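Trainee: Here's a sequence, model it:
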Amino acid sequence: MTEASSPPSTARRRHIDARLLVGLVLVAASIAAVVGIVAASDEGEDVLVAPRLVTAGEVITPSDLEVRRVSLGADGHGYLRPDDVPPTGVVVIRTIGAGELVPLSAVGDTRGPSSTTVVVTLSTGVGATVRPGDLLDLWSAPALDAGRFGAPIVIASDAQLVRTIDDEGIVSTTAAGRVELLVARRDVARILHALANGDALSVVPSSLAIGG
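Mentor: Residues are numbered from 1 along each chain as shown. Now for the predicted structure:
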């Protein structure tokens with residue numbers, strides 16, 4: 001006597017259950033893949049962003065910056081991270097634009113910066129295309145007797161323009177305005193001597209700024 005075969009309804013149910021199981025496995029695999037893609041895309045690094053324009057010579061603290069998670073690969077090592085900024089802050093050595101990631105090369109140690117800012121009165125105006133952050137050469141024509149001046153020489157190379165200063169009223173009939181410059185500390189003595197001597201000072205874009 002042969003064994004009775006399974007009813008058609010039971011076989012159909014088993015077939016449906018098998019397809020359901022395969023479907024659930026495929027859905028689970030799809031979800032895992034999506035989670036993996038999202039996790040991979042989130043493998044960024046926390047770097048610091050300047051929420052506003054920051055000019056050379058400013059000291060910025062952690063509260064002046066914002067944290068942004070970005071995926072930069074190997075280039076991420078060239079930007080400032082939250083742990084890089086002490087509570088006392090860091091000094092900015094070049095202008096950082098609003099919304100710009102802060103490069104490590106744009107900041108220095110506040111304990112001993114190699115640059116400082118000075119304000120100088122110019123005898124000639126600043127070019128209309130010059131903007132804060134541009135590199136300039138500071139020229140000085142030494143004051144002689146009877147209102148004459150000697151041949152101009154460069155007393156500070158690659159000084160960075162921090163800002164132009166608008167004076168109220170007329171300071172001098174020969175003054176063409178004042179500017180704040182970020183200069184190397186080694187140049188400060190020569191600049192102060194030129195100011196004290198009444199030399200005629202001018203700024204022109206440096207060769208590095210023009211080329212770059």
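
Trainee: Quick check: A143 vs P205, distance?
Mentor: The spacing between A143 and P205, counted by Cβ to Cβ, to the nearest Å, is 25 Å. In short, each C-beta sits where N, CA and C put it, glycine included.

Trainee: er, G127 I mean
Mentor: When distance is defined by Cβ to Cβ, G127 is 7 Å away from P205.

Trainee: same check, this time on I155
Mentor: Counting by Cβ to Cβ, the separation of I155 from P205 is 16 Å.

Trainee: More neighbours: which of the two?
Mentor: I155 (21 against 17; other Cβ atoms under 10 Å).

Trainee: can you list the domains in the protein?
Mentor: As recorded under automatic domain parsing, the domains making up the chain are 45-108, 115-211.

Trainee: ends of the first one, how far apart?
Mentor: This means domain 45-108. 22 Å (Cα to Cα, to the nearest Å).

Trainee: Report pLDDT for the closest residue to V102 other than its chain neighbours.
Mentor: Of all residues not flanking V102 in the chain, L80 sits nearest, at 4.1 Å (Cβ to Cβ, 6 or more residues apart in numbering). The confidence metric pLDDT takes the value 88 at L80.

Trainee: Ends of stretch 143-152, what's the gap?
Mentor: Note: stretch 143-152 ends 10 Å apart using Cα to Cα.

Trainee: scratch that, stretch 107-125 is what I was asking about
Mentor: End to end - Cα to Cα - stretch 107-125 spans 29 Å.

Trainee: and what of stretch 166-177?
Mentor: For stretch 166-177, the end-to-end distance is 7 Å (Cα to Cα).

Trainee: Same question for stretch 72-86.
Mentor: With Cα to Cα, one end of stretch 72-86 sits 23 Å from the other.

Trainee: Stretch 165-180 now?
Mentor: For stretch 165-180, the first-to-last residue distance is 7 Å (Cα to Cα).

Trainee: now swap in stretch 190-206 and tell me
Mentor: 18 Å.

Trainee: And the contacts of that stretch?
Mentor: By Cβ atoms under 8 Å, 6 or more residues apart in numbering, the list of residues contacting stretch 190-206 from outside reads 118, 120-124, 126-127, 130, 134-143, 149, 152, 155-159, 161, 174, 179, 181, 183.

Trainee: Could you pick out the buried ones from the residues you listed?
Mentor: Buried members of the contacts of stretch 190-206, counted by 16 or more other Cβ atoms under 10 Å: 118, 120-124, 126, 130, 134-142, 155-156, 158-159, 161, 179, 181, 183.

Trainee: These in strands, which ones?
Mentor: 118, 120-122, 135-141, 155-156, 158-159, 161, 179, 181, 183 (DSSP state E).

Trainee: ok but S63 is inside a helix, no?
Mentor: Yes: counting by DSSP: H, G, I helix; E, B strand; the rest coil, S63 is found in a helix.

Trainee: how many neighbours does it have?
Mentor: By other Cβ under 10 Å, the residues close to S63 number 9.

Trainee: In the chain, mark out all the strands, start to finish.
Mentor: For the chain, the strands defined by DSSP E occupy 45-49, 59-60, 66-70, 90-92, 107-108, 115-122, 135-141, 153-165, 177-184, 200-205.
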